[in-house]
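Undergrad: Quick one, structure for this:
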Amino acid sequence: MTLTEQLKQVKDTVMMRMPESIIQTFKEAIEEINTNRLKEKALQIGDTITGFSLININGNTVKLEDVFNSEYLVLNFYRGGWCPYCNMELREYERLKDDFKNAGADIIGISAEVPTLASQTKDKNTLSFPVLTDKDAEFMKAIGIVFQLNEKAKKDYVGFGMDFTQIHGNENYELPVPAVYIIDKNRKVIFVHFEADYMTRIEPKEVLNFIKNNKSNL
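TA: Below is the predicted model:
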């Protein structure tokens, strides 16, 4: 079963159980991202990621050069281990990790969840690639993929038991749009997938094929 098929199954189940008012709130939040043209304002192909300072699950600082040991680096920005869509996506990258490695690509997962929760995300999905914390979403803000939850969405998340002050260690109530970036050895962005609808993700196989095709065209 493809990731897209897995996501659809979960989405269909969630939508059947979720009150219409909450569904509408989340739809409006997605529309707000599009209206604010976040995708156009985010880092684009041809831009450069000069570096970052993130935190690993042990609480240690990690720089870009610490995790970039191949020709390409796949940066998977996910919302958090509380998001079922993110977990399925991360597991699919893990399933294909050897294929990515053979194609000359490293993978890292990045979110704003605190290191203890990032560790849980890594363990429950049996991930072998680094899962890193972007404290206060500073790096993701520099990329341009962070948005503020509106009051209605904030209220509904709280109703689901989501305490983002604990999850993120701050009171900013911000989330990243799920995104995938690929940079080459010159740290230039060569691929971007940005999807305002958090229930939709690109197939990791497509990302892998892009890398393979890019290598063959060099």
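Undergrad: Which parts of this structure are strands?
TA: Along the chain, counting by DSSP state E, strands occupy 53-55, 61-63, 72-77, 105-111, 131-133, 146-148, 174-176, 179-184, 189-194.
Undergrad: Let me see the residues that make contact with the last one.
TA: Contacts made with strand 189-194 from outside it, assessed by Cβ atoms under 8 Å, 6 or more residues apart in numbering, are listed as 38-39, 42-49, 72, 145, 177, 179-184, 202, 207, 210-211, 214. From N, CA and C alone the C-beta is placed, and that goes for glycine too.
Undergrad: measure Asn102 to Leu3 for me?
TA: 20 Å (Cβ to Cβ, to the nearest Å).
Undergrad: Looking at these two, which is more packed in?
TA: Remark: of Asn102 and Leu3, Leu3 carries more neighbours, 20 against 11, as counted by other Cβ atoms under 10 Å.
Undergrad: circling back to that earlier point, mind checking which of the contacts of strand 189-194 are buried?
TA: Burial by neighbour count, 16 or more other Cβ atoms under 10 Å: within these this picks out 38-39, 42-43, 47, 49, 72, 145, 177, 179-184, 202, 207, 210-211, 214.
Undergrad: Name the nearest residue to Phe77, sequence neighbours excluded.
TA: Ala179 (4.6 Å; Cβ to Cβ, 6 or more residues apart in numbering).
Undergrad: In contact with the one you found, which residues?
TA: Ala179 is in contact with Ala42, Phe77, Ile143, Ile145, Val192, His193, Phe194, Glu195, counting by Cβ under 8 Å, 6+ apart.
Undergrad: which ones are touching the closest residue to the last one other than its chain neighbours?
TA: Nearest residue to Glu195, sequence neighbours excluded (Cβ to Cβ, 6+ apart): Pro178, at 6.1 Å. With contacts defined as Cβ under 8 Å, 6+ apart, Pro178 is in contact with Phe77, Tyr78, Arg79, Tyr85, Cys86, Glu89, Glu195, Tyr198, Arg201.
Undergrad: residues contacting the second one?
TA: Remark: with contacts taken as Cβ under 8 Å, 6+ apart, Tyr78 is in contact with Cys86, Glu89, Leu90, Gly109, Ile110, Ser111, Pro176, Pro178.
Undergrad: Nearest residue to the fourth one in space, please, no chain neighbours.
TA: Right, the one you point to is Gly109. Val131 (4.4 Å).
Undergrad: From Leu208, how far out is that neighbour?
TA: Distance from Val131 to Leu208, by Cβ to Cβ: 19 Å.
Undergrad: Those two: who's more crowded?
TA: Taking neighbours as other Cβ under 10 Å, Val131 and Leu208 compare with Val131 leading, 27 against 18.
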